[in-house]
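*Asks:* have a look at this prediction, sequence included:
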Amino acid sequence: MKRCPSCNRNYTDETLLYCLEDGTPLVAADQTTAPTLMMPAEPPPTIAYDAGRVTTPQGGSSTASFGPTTPPPGPMPPGPPPAPQGPPSWTFEAQPKPKRKAWPWIVAGLVLLLVFGGGLAAAVFYMVNNGSNDNFNTNTNRVVNANSNANQRPSPTPKLEITRVYMSLHGGDTPGEEVESFSASDRTVYCIVELNDAQPGARVTSTWTVVDSERLKNQKIGEQAYTTEKLKTFDFHLTNQQDWPPGDYKVDVYLDGELARSVNYEIK
């Protein structure tokens, strides 16, 4: 009889070598001291056995045979020690970051926009207002200057006129006094012309006529022309190499082709 030292199950079949429950090698039932085996903490691996053979002897009784056909060389060595268990694995879940609130940024953006927008609007208003003031001042200055220039303009030039014509014994820069008659021996007689203004460029002409004498009547004896300059007084003069015939004489003075004055004188 054989016995399983592990589970103490007895087997009457002497051909069995291993326990049918846990696979432990069987020992003789009368063996008091069985060898001590160091068993691993985990059960040994399951050993697969061949299916039992049924043999029929000549007597007709069948005997079932289980286990391998050849006995093992000896007891099975202990299995490998269990693999040491590693440290427990910990799984850390990332905590979701708290969502930042957007409204503070929106408020800050609106404040900045208002500040910069207000500053820009103030700058534009200042530039426009200053430009308007400058334009207004410029226009005002122009108007004032125009008015000043208009006020400072010289008075309109008076119309040039011949104010006086008279006869004299002397002319030039210091004309003599007015006379009405000359002596026949006064070879040169002078006609003095006075203007109201010294305007250059005007044309003044004089025509000398014998009105009545012993030999001539209404006979033109001379004609002269003068272009005014910066003088208000000038003279025409007529010279005779001989004595003048006694009689009545006349000088007509024209300004720009129009008769302005006439003066009569007598030769005695």
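*Replies:* The structure has been received and is ready for your questions.
*Asks:* got the CA positions of stretch 170-188 in CSV?
*Replies:* Extracted in CSV, the C-alpha atoms of stretch 170-188 (Å, rounded to 0.1, in the frame of the first residue of the first chain):
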residue,chain,number,x,y,z
HIS,A,170,12.6,185.6,-66.8
GLY,A,171,12.2,181.8,-66.7
GLY,A,172,14.2,178.7,-65.7
ASP,A,173,14.4,177.6,-62.0
THR,A,174,13.5,181.1,-60.7
PRO,A,175,10.8,182.5,-63.0
GLY,A,176,10.1,186.2,-62.8
GLU,A,177,7.0,188.1,-62.0
GLU,A,178,4.0,188.2,-64.2
VAL,A,179,3.9,190.9,-66.9
GLU,A,180,1.3,191.9,-69.4
SER,A,181,3.5,193.7,-72.0
PHE,A,182,7.0,193.6,-73.4
SER,A,183,9.3,196.1,-75.1
ALA,A,184,10.1,195.5,-78.8
SER,A,185,13.7,195.2,-77.7
ASP,A,186,13.0,192.3,-75.3
ARG,A,187,14.2,189.7,-77.7
THR,A,188,13.1,186.7,-75.5
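*Asks:* pLDDT weak spots in the stretch 1-150 of the chain?
*Replies:* 31-101, 129-150 (pLDDT under 70).
*Asks:* just the pLDDT at Asp243, thanks.
*Replies:* Looking at Asp243, its pLDDT reads 93.
*Asks:* Pro175 too?
*Replies:* pLDDT, read off for Pro175, is 92.
*Asks:* same question for the one 4 residues further on.
*Replies:* What the model reports as pLDDT for Val179 is 96.
*Asks:* spit out the contact partners of it.
*Replies:* 167-169, 265 (Cβ atoms under 8 Å, 6 or more residues apart in numbering). Where you see a C-beta, it was placed from the backbone N, CA and C, and this is true even at glycine.
*Asks:* just those now: which is nearest Val27?
*Replies:* Within the set of the contacts of Val179, Ser168 lies nearest Val27; the separation is 190.7 Å, counting by Cβ to Cβ.
*Asks:* just send the contacts of Val179 back as TSV, with pLDDT, secondary structure and neighbour count too.
*Replies:* Compiled in TSV, the contacts of Val179 are given as follows (pLDDT from 0 to 100; DSSP: H, G, I helix; E, B strand; the rest coil; neighbours: other Cβ atoms under 10 Å):
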residue	pLDDT	secondary structure	neighbour count
Met167	97	strand	21
Ser168	97	strand	18
Leu169	95	coil	15
Tyr265	97	strand	18
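*Asks:* which one of these sits closest to Trp208?
*Replies:* Tyr265 (10.2 Å).
*Asks:* circling back: of the contacts of Val179, which pair is most distant in space?
*Replies:* Taking Cβ to Cβ, no two of the contacts of Val179 sit farther apart than Leu169 and Tyr265, at 11.0 Å.
*Asks:* okay, and the common contacts of those two?
*Replies:* 179, 182, 189.
*Asks:* what about the closest residue to the last one other than its chain neighbours, how many neighbours?
*Replies:* Spelled out, it's Val189. Nearest in space to Val189, with sequence neighbours left out and distances taken as Cβ to Cβ, 6 or more residues apart in numbering, is Phe182 at 5.3 Å. The local packing of Phe182 (other Cβ atoms under 10 Å) involves 20 other residues.
*Asks:* look up which residues are beta-bridged to Phe182.
*Replies:* Ile267 (DSSP bridges).
*Asks:* so what's it up against?
*Replies:* 167, 169, 189, 244, 265-268.
*Asks:* same question for Phe234.
*Replies:* So Phe234 contacts 192-193, 204, 226, 228 (Cβ under 8 Å, 6+ apart).
*Asks:* then Glu214?
*Replies:* 245-247.
*Asks:* scan those and report the most crowded one.
*Replies:* Gly247 (17 neighbours).
*Asks:* what about that one, distance to Gln241?
*Replies:* 18 Å (Cβ to Cβ, to the nearest Å).
*Asks:* rewinding a little: let me have the contacts of Val179 in TSV, adding distance to Tyr11 as columns.
*Replies:* As requested, those are arranged in TSV below (distance: Cβ to Cβ, whole Å):
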residue	distance to Tyr11
Met167	194
Ser168	192
Leu169	196
Tyr265	197
